[in-house]
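Student: Here is my input, please return the structure:
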Amino acid sequence: MAKAQINPEKARWLEVLGIAMPLCLSYIPIGLACGILLHAAGFNFIMTLVVSIVVFSGGAQFILASLLTIHAPLTSIFVTLFFLELRYALLGSSLSKYIKNESQHFIWLFAVSMNDENYAVNYLKFATDKKWTPKDGLLVEHYSLISWSVANMVGGLIGSTISINLEVVNFALTALFLYMVVMQVRNHLTLLICLFSAVLAVFFLVLTRNTLGIVIATLIASFTGFLIENTVRKHSKDPDNNWFLTKIFRPIATRITVEDQQERREMKKVKQQLDEDRQEKVPSEHDD
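Tutor: Predicted coordinates for the structure are as follows:
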């Protein structure tokens, strides 16, 4: 009996949907909670939908709702959100080399649809999957945007009848950010900079008593990492084997894809065949 196939025609949009599905599903509980919190801050479900599409950032929307509930000044809200979202300049720069050949309209659409989580998925796929294209990355962004926006809107609709413990949401957001960090740690330098930025973030949060401390810590840690890597590559005789830039052990599944493994097996077979053909052409000593 033939087994039913989910994607018999190998439609690319469906394959990308399968890759983005874990991210989309993870947005549902967090998006519902964010919609409920926005409703508590005075947003109706239509405005909640608009904010989720325009802002498309869980951290920014949670902070926006929190600041509105305590009647914070608009200038304080704008400044806080500006510096909080400034990190996308760093995230976008790391993906720019993969989409630099696309049109300006595509790059603009890709930029406005990016957030932390779909960035992590796209960065991992661009770095490990040779078949991953900018259009696939844009599909991931749109799938996640649809999932997040719908969850926000539903949360806004049911906000008046359901209340949840938002401490669970804070834990879920922390787990998502930890996932992003773990997937990007590839060498000793990135691990050290992650730890350094965490220490700086705690220090500046205590010092400034504001989320601006996170921005300051991020800028200092990023500049420090760039300075160390640039110095190592300039003055080290063998930069790739320098301790700072040597890779940390990772599970093989996170380093090479199934396609890479298959390609290596095929190349190995071709090499073996060439070696056998070469040996047959070389005359033996007995033939002399």
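Student: all contacts plus neighbour counts: C-alpha atoms, from now on.
Tutor: OK.
Student: State the distance from Gln61 to Ser113.
Tutor: Distance, Gln61 to Ser113, using CA to CA, to the nearest Å: 15 Å.
Student: swap in Leu157?
Tutor: Counting by CA to CA, the gap from Leu157 to Ser113 is 24 Å.
Student: More neighbours: which of these two?
Tutor: Per other CA atoms under 10 Å, whichever of Leu157 and Ser113 has more neighbours is Ser113, with 22 against 19.
Student: Any figure for the gap between that one and Thr161?
Tutor: Distance, Ser113 to Thr161, using CA to CA: 31 Å.
Student: now Leu274
Tutor: For Leu274, the distance to Thr161 equals 71 Å [CA to CA].
Student: Between those two, which is the more surrounded one?
Tutor: Set Leu274 next to Thr161 and count neighbours by other CA under 10 Å: Leu274 wins out with 12 against 7.
Student: And for Trp45, nearest residue in space, chain neighbours not counted?
Tutor: I think there's a mix-up here, since residue 45 is Phe and not Trp. If you skip the residues right next to it in sequence, Phe45 has Gly156 as its closest partner in space, 4.7 Å away by CA to CA, 6 or more residues apart in numbering.
Student: Equivalent analysis for Val51, please.
Tutor: Excluding its sequence neighbours, the residue lying closest to Val51 (CA to CA, 6+ apart) is Gln61, at 7.8 Å.
Student: next helix or strand past the helix or strand encompassing Phe78?
Tutor: Assigned by DSSP states H and E, Phe78 falls within helix 74-85. Following the chain from helix 74-85 toward its C-terminal end, the next helix or strand by DSSP H and E is helix 87-99.
Student: List of residues touching that next one?
Tutor: Contacting residues not belonging to helix 87-99 are listed as 107, 111, 115, 119, 123, 126, 134, 215 [CA atoms under 8 Å, 6 or more residues apart in numbering].
Student: I am finished for the moment; much appreciated.
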